[in-house]
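# show me how the following folds:
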Amino acid sequence: KDFPADKLSGSYYQKVTTPGLQLNADYTAAPPIVKASVNKWWLFGLLFLSLLLLYPAIKLLRKNVKKLSQKKSIDIFTGNKPPFDLSFSNRNKNISYTYDLLRLSNHLKKRIDSPDFFLDISKTIKQSILNRGFPTPGFSQKQQTRQCLFLIDQAYKNSQQVKLFSYLAMYLIKNQVKLDFYFYYQTPDKFYTDVDGPRFTLQTLKDRYYNCALIFFTDGTNFPEYNAPGLKETITIGFAYWQHRLLVTPVNYNDWGRNERLLSTFFNVIPADVVGLLELIRALDTESSTTKMLQGQFNSYESKHVDFSTVKGLEEYLHDDEIFQWVCALAIHPKIYWEIILEIGKAIVVNPAKVNYETLLKLARIQWIHEGNFPTNLRLELLKVLTRENEIKAREIFLKMLDEITMGDEQFSYEEKQMSRYANSFVLFATG
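Numbers count the residues shown, from 1 in each chain. A predicted model of the protein is given here:
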């Protein structure tokens, strides 16, 4: 039977008769679809009214957030201006002067023969008389003050070896030795006196210091060729301009090997120890090789195979309880600063004469002190063996040093200063 076509909805009933089965089916038509229309102007009006009501709330919220951001909090630091590290005042006065360094400065101050000559009147008269009155000029060699040029490798930003060699240069200048010193980063092609200052080319140094003794302060690991048994041409050609070329290496003489043998083909290689520095004078006055002169007459300690990552290795290397406690006291702060080393050493070491160039060189040969990065695990171990008395001394001194620094909260290192103050003050309060 057909579905009624003249009705929107309807149904019909059909009975199906099947032997053994009776089925009743009721079919209902689909309901009509109702479409609703929305007035868009009402929607725009509702949205505008909502924004109008939210504006005062948003303005009030922004005002409160601004007030909260202006409040001082020990947990939030927003400094982004230099300096990025703590800037302590100069502590080089804590280093004890040694007689050997004074000898070095006196030798470097001596006048030497100049390549120039002048007309010597007395010689002219004597030679003229000997020549039966015939005018015969006599010449004498001029004397001049020896001038040195120090080039210091600043391979690491916070290297304590760089600080030590800078101290040596300033000490010699203070003792009226005529020298200038520059820094360079790994490759000696650009030179500077300040990290943020202008860079000078090698040609500029040649023009300024053509009659100087050239002295490098570096281990020279970047000077040899990587795939050839010799030095780079940038070294052998670039610095052949100077007649006197010396290289002062922080590597112990007992640890010298292939690198030093290669360097000695072009430089007079000298260890940075005081005894080695005294050989510098002989190297300047003669043409012989310094490495050969030192054979069999210079003996030092070894550091190449020492495990500086363990307390036991440090104790065996330093071989002095006071110096060992000095190193342990540096662990009160995660960063290593040259000024902290000197100030804490002055307080902990009973004999101030021990805080000298030779001892500081031995400390600077410890790899993580040289790089200025304290190994975390070792730092905890050193704090355990640091005596209570020395820890209190070190932390009190460090707090005084922090108080001497004047800076605003807009500087990046302000966070380090404040957190160091809180940490050390808390430990001192807890220890009573």
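# and residue 384, what element?
helix 376-385 (DSSP states H and E).
# ranges for the strands of the stretch 201-350 of the chain?
Assigned by DSSP state E, counting those that start in this stretch, the strands in the stretch 201-350 of the chain fall at 213-217, 245-249, 268-271.
# quickly compare the ones you listed and say which is most buried.
strand 268-271 (a mean of 26; mean count of other Cβ atoms under 10 Å). For glycine as for every other residue, the C-beta is placed from the backbone atoms N, C-alpha and C.
# poorly predicted segments of the stretch 301-432 of the chain, please.
432 (pLDDT under 70).
# redo that, cut-off 50
The stretch 301-432 of the chain contains no residues with pLDDT under 50.
# now the helices for it?
311-318, 321-329, 338-348, 357-364, 367-371, 376-385, 388-404, 414-431 (DSSP state H, counting those that start in this stretch).
# picking up where we left off before, closest to residue 401 out of the strands of the stretch 201-350 of the chain?
Closest to residue 401 of the strands of the stretch 201-350 of the chain is strand 213-217 (Cβ to Cβ; 27.4 Å).
# and the closest one, what does it pack onto?
Strand 213-217 sits against strand 147-153, strand 245-249, with contacts defined as 3 or more Cβ pairs under 8 Å, 6 or more residues apart in numbering; DSSP states H and E.
# next, the angle from that strand to strand 245-249.
Strand 213-217 and strand 245-249 are oriented at 20 degrees to each other (axes from the mean of the first three to the mean of the last three Cα atoms, to 10 degrees).
# who does strand 213-217 pair up with?
In the sheet, strand 213-217 lines up against strand 147-153 (parallel), strand 245-249 (parallel) (DSSP bridges).
# with just CA atoms, put the last one into PDB.
I take that to be strand 245-249. Output of strand 245-249 as PDB, limited to C-alpha atoms (Å, rounded to 0.1, in the frame of the first residue of the first chain):
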ATOM      1  CA  ARG A 245     111.500  35.100  20.800                       C
ATOM      2  CA  LEU A 246     110.800  33.500  24.100                       C
ATOM      3  CA  LEU A 247     107.800  31.400  25.300                       C
ATOM      4  CA  VAL A 248     107.100  31.100  29.000                       C
ATOM      5  CA  THR A 249     104.900  28.000  29.500                       C
END
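# so how far is it from its chain's centroid?
Centroid displacement of strand 245-249 relative to its chain, using Cα atoms, centre = their mean, to the nearest Å, is 22 Å.
# how far does the helix holding residue 384 sit from its chain's centre?
Using Cα atoms, centre = their mean, the offset of helix 376-385 from its chain centre is 22 Å.
# mean pLDDT and distance to residue 139 added to the helices and strands packed on strand 213-217, as JSON lines?
Shown next, in JSON lines, are the helices and strands packed on strand 213-217 (pLDDT from 0 to 100; distance: least, Cβ to Cβ, whole Å):
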{"stretch": "strand 147-153", "mean pLDDT": "94", "distance to residue 139": "23"}
{"stretch": "strand 245-249", "mean pLDDT": "94", "distance to residue 139": "30"}
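# distance to residue 201 added to the ones you listed, as CSV?
Conversion of the helices and strands packed on strand 213-217 to CSV gives the following (distance: least, Cβ to Cβ, whole Å):
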stretch, distance to residue 201
strand 147-153, 13
strand 245-249, 18
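# all set, thanks.
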